[in-house]
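Asks: generate coordinates for the sequence data below:
(one chain, ligands or ions: 1)
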Amino acid sequence: MDAFECISKRRSVRSFLKKPVPKELVDKVLEAALMAPSAGDIHPYRIVVVTDEGKIRRIAEAALNQTFISQAPIVIVYLVSLEEASAYGKRGVELYSILDVGASMENLMLAATSLGLSTCWVGAFDERRVEEILNAPKGYRAVSLTPLGYSDSAARGRPPPARSMKILYEGFQ
Ligand SMILES: Cc1cc2nc3c(=O)[nH]c(=O)nc-3n(C[C@H](O)[C@H](O)[C@H](O)COP(=O)(O)O)c2cc1C
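Replies: Sure, this is the predicted structure:
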């Protein structure tokens, strides 16, 4: 699958099959996640791979009961290390670390798409509860998560709506 095909096929999928994901595929998706750009090449995050059903269920509850999350066999959570992010001061903590996670998440989701897997970026969750579920050490902030798995959802592969009105040549006129 070429890059443009992969980008246009990636959709947020909110229905997952109980089918397990082979470890080689999970490893490839994680490898892609770590190939993302990062300010100063610091990658100030930990990528937590959650497969325990009980923990996944609790994460879904902490994510405003978005129950589709608990259908997936895997949930991937990004935790930012505030200490590592502070290498670039306030800007590193407040901005770069979040951008770094975004870049890595997108790589991860595109790699998943190219391997026939589905994801859905989830940002609506109670950070403290997710940190507790994962026993995150002090100084780690839960920033983003996604379920990862197979889906037979009709949403898979549907082309996105046209969004060209968001592009401003030369800025606001
Ligand atoms: C920062 C961020 C947070 C999001 N949080 C959620 C979420 O909590 N639950 C959810 O179902 N989708 C969430 N989404 C997915 C968006 O709803 C989705 O990307 C958007 O509707 C466009 O659909 P598409 O991903 O299929 O192109 C989030 C996306 C982003 C980038």
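
Asks: helices and strands around the lengthiest helix in the chain, which ones?
Replies: In the chain, assigned by DSSP state H, the helix with the most residues is helix 97-114. Counting contacts by 3 or more Cβ pairs under 8 Å, 6 or more residues apart in numbering; DSSP states H and E, helix 97-114 packs against helix 3-9, helix 23-34, strand 45-50, strand 74-81, strand 118-119, strand 140-149. Quick note: C-beta positions are derived from backbone N, CA and C, even for glycine.

Asks: please identify the most buried of the ones you listed.
Replies: strand 118-119 (a mean of 27; mean count of other Cβ atoms under 10 Å).

Asks: where are the low-confidence patches of the chain?
Replies: Filtered on pLDDT under 70, the chain yields the residue ranges 155, 157.

Asks: how about the residues of it by the ligand?
Replies: 11-12, 14, 66, 120-124, 160 (Cβ under 6 Å from any ligand atom).

Asks: check the chain for the residue nearest the ligand and tell me.
Replies: Relative to the ligand, the nearest point of the chain is Gly123 (2.8 Å; Cβ to the nearest ligand atom).

Asks: that residue reaches Val130, doesn't it?
Replies: No - using Cβ atoms under 8 Å, Gly123 is not in contact with Val130; the gap is 11.4 Å.

Asks: name the residue in these two with the higher neighbour count.
Replies: When Gly123 and Val130 are compared for neighbours, Val130 comes out ahead with 25 against 10, by other Cβ atoms under 10 Å.

Asks: list the residues that contact the closest residue to that one other than its chain neighbours.
Replies: Take Val130 and drop its neighbours on the chain: the residue closest to it by Cβ to Cβ, 6 or more residues apart in numbering is Ala142, 4.2 Å away. Contact analysis of Ala142 by Cβ atoms under 8 Å, 6 or more residues apart in numbering lists 77-79, 125, 127, 130-131, 134, 136.

Asks: Cys6 - nearest residue in space that isn't next to it in sequence?
Replies: Ser114 (4.8 Å).

Asks: what's the neighbour count on that neighbour?
Replies: Ser114, neighbours per other Cβ under 10 Å, totals 19.

Asks: surely it meets Met1?
Replies: Yes - in this structure, Ser114 is within contact of Met1 by Cβ under 8 Å, at 4.8 Å.
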